[in-house]
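Enquirer: build the 3D model from these lines:
(chains A and B)
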Protein chains: 2
Amino acid sequence: MPTITDGPIRNGVDTATLFATLDAVKGNNEIAKFQFRASNKWVSGTHNRSTIQGFYGAGQEMEHQSVHVFDADHPAVLVGSDNGPTPVEFVLHALAACLTAGIANIAAARKINLTSVESTVEGDIDLLGILGLGGDQVRNGFQGIKVSFKLEGDDADKLRHVVEQSRARSAVYDIVTNGVPVEIEVATA
Amino acid sequence: MPTITDGPIRNGVDTATLFATLDAVKGNNEIAKFQFRASNKWVSGTHNRSTIQGFYGAGQEMEHQSVHVFDADHPAVLVGSDNGPTPVEFVLHALAACLTAGIANIAAARKINLTSVESTVEGDIDLLGILGLGGDQVRNGFQGIKVSFKLEGDDADKLRHVVEQSRARSAVYDIVTNGVPVEIEVATA
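Expert: Just a heads-up that it's a prediction; the model follows:
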């Protein structure tokens, strides 16, 4: 847990660097253009594995310090071997992670101290959709997602406003609620 | 890589169990209602950690064989400590994983052999959005996502149709392209 402080580091966020980054982007909008990437390889059945490392941003090719590797699979009840979470569970993780990072940043920028942020995310899905048994009435994806936050820190009202601002500026919340155009290209050998 | 076979196991998919599962769901639609979950805990700054294990499905509480734990963070260039991928990269992984699992299942059901499925996913994002510097013109999330598949196996035309059917039945593709209602609840202490 980060130390509560009145200095430039608050909630573990270096607010001096955060504000300097905002100024740099204001001075040159081009450096805000990023491309994130994942590459995936099928293992067997519903089991596959993604690798994440390189991305483009701030005008150059960049890399995470480590290569990140994630397995996804279906559980036995969905005819998989349970070598990892299902793909949809990774979406829930991404949503919680994005909102939580935003909460820490926004609270720090507003000089609000946090001592704890926990959340649970629940996504309801009717598998009649992906199984092709639901006709036009049942969608493939989640019918709804519920995120429950529990925050501790400064004034409760301020904390609620921080969550609201995080929602309003969250990349994953926008993706998940508003949708994104996806293009799929196929090469065969 | 799975062994190519004419038996009930194709592409590592147990097609006998797959068809039995479809029949079971046809007989009782209620067992298709699932709820997936993640819980997340803030660590410091933009670093936070999700845990995935329990889910509801087939009329009962279930658990993955293992507890899965994933860290997310921002890289240094985005004022984080790079303890994990960014939340948006997990969305790209989820999309690749879901489409790939579908490809393996659908190919198996159609008696089409696969020998290799690889993909790269690229998501373009203009961070003016999340930084609040883009006015109304720049969204927070990805502006577009491109998935590039490379498949090896039986007849190229059949493989392309498998990808198309996987897209048409993918949970994550539906979530990411069409959006999902998200409810956020906040408790403070």
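Enquirer: okay, how far is it across stretch A:145-160, tip to tip?
Expert: Taking Cα to Cα, to the nearest Å, stretch A:145-160 runs 19 Å from one end to the other.
Enquirer: which residues touch it?
Expert: A:92, A:95-96, A:99, A:103, A:107, A:110, A:112-124, A:162-163, A:176, B:180-189 (Cβ atoms under 8 Å, 6 or more residues apart in numbering or on different chains). In this view, the C-beta of every residue, glycine as well, is placed from N, C-alpha and C.
Enquirer: pull out the buried residues from those.
Expert: A:92, A:95-96, A:99, A:103, A:107, A:112-114, A:117-123, A:162-163, A:176, B:180, B:182, B:184, B:186, B:188 (16 or more other Cβ atoms under 10 Å in any protein chain shown).
Enquirer: next step: these restricted to helices.
Expert: Mapping the buried ones among the contacts of stretch A:145-160 onto helices (DSSP state H) picks out A:L92, A:L95, A:A96, A:L99, A:I103, A:A107, A:V162, A:V163, A:V176.
Enquirer: partner strands of the helix or strand containing A:N48, parallel or antiparallel?
Expert: Using DSSP states H and E, A:N48 sits in strand A:47-57. If you go by DSSP bridges, strand A:47-57 pairs up with strand A:33-44 (antiparallel), strand A:60-72 (antiparallel).
Enquirer: I'd like those strands laid out as JSON lines, including mean pLDDT and mean neighbour count.
Expert: As requested, the strands paired with strand A:47-57 are exported to JSON lines (pLDDT from 0 to 100; neighbours: other Cβ atoms under 10 Å in any protein chain shown):
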{"stretch": "strand A:33-44", "mean pLDDT": "98", "mean neighbour count": "21"}
{"stretch": "strand A:60-72", "mean pLDDT": "98", "mean neighbour count": "15"}
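Enquirer: how about those in CSV, adding distance to B:R169?
Expert: Formatted as CSV, the strands paired with strand A:47-57 follow (distance: least, Cβ to Cβ, whole Å):
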stretch, distance to B:R169
strand A:33-44, 17
strand A:60-72, 16
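Enquirer: and those: which comes nearest B:R10?
Expert: With Cβ to Cβ, the closest approach to B:R10 among the strands paired with strand A:47-57 belongs to strand A:33-44: 10.7 Å.
Enquirer: run the chain-centre distance for that closest one.
Expert: In terms of Cα atoms, centre = their mean, to the nearest Å, the centre of strand A:33-44 is found 15 Å from the chain centre.
Enquirer: low-confidence regions, chain A specifically.
Expert: Applying pLDDT under 70 to chain A flags the ranges A:1-7.
Enquirer: the most centrally placed residue in chain A and chain B: what is the separation?
Expert: The residue lying closest to the centre of chain A (Cα atoms, centre = their mean) is A:A94, at 2.8 Å. Distance of A:A94 to chain B, given as Cβ to the nearest Cβ, to the nearest Å: 4 Å.
Enquirer: just A:A108 next, same as before
Expert: Counting by Cβ to the nearest Cβ, the gap from A:A108 to chain B is 8 Å.
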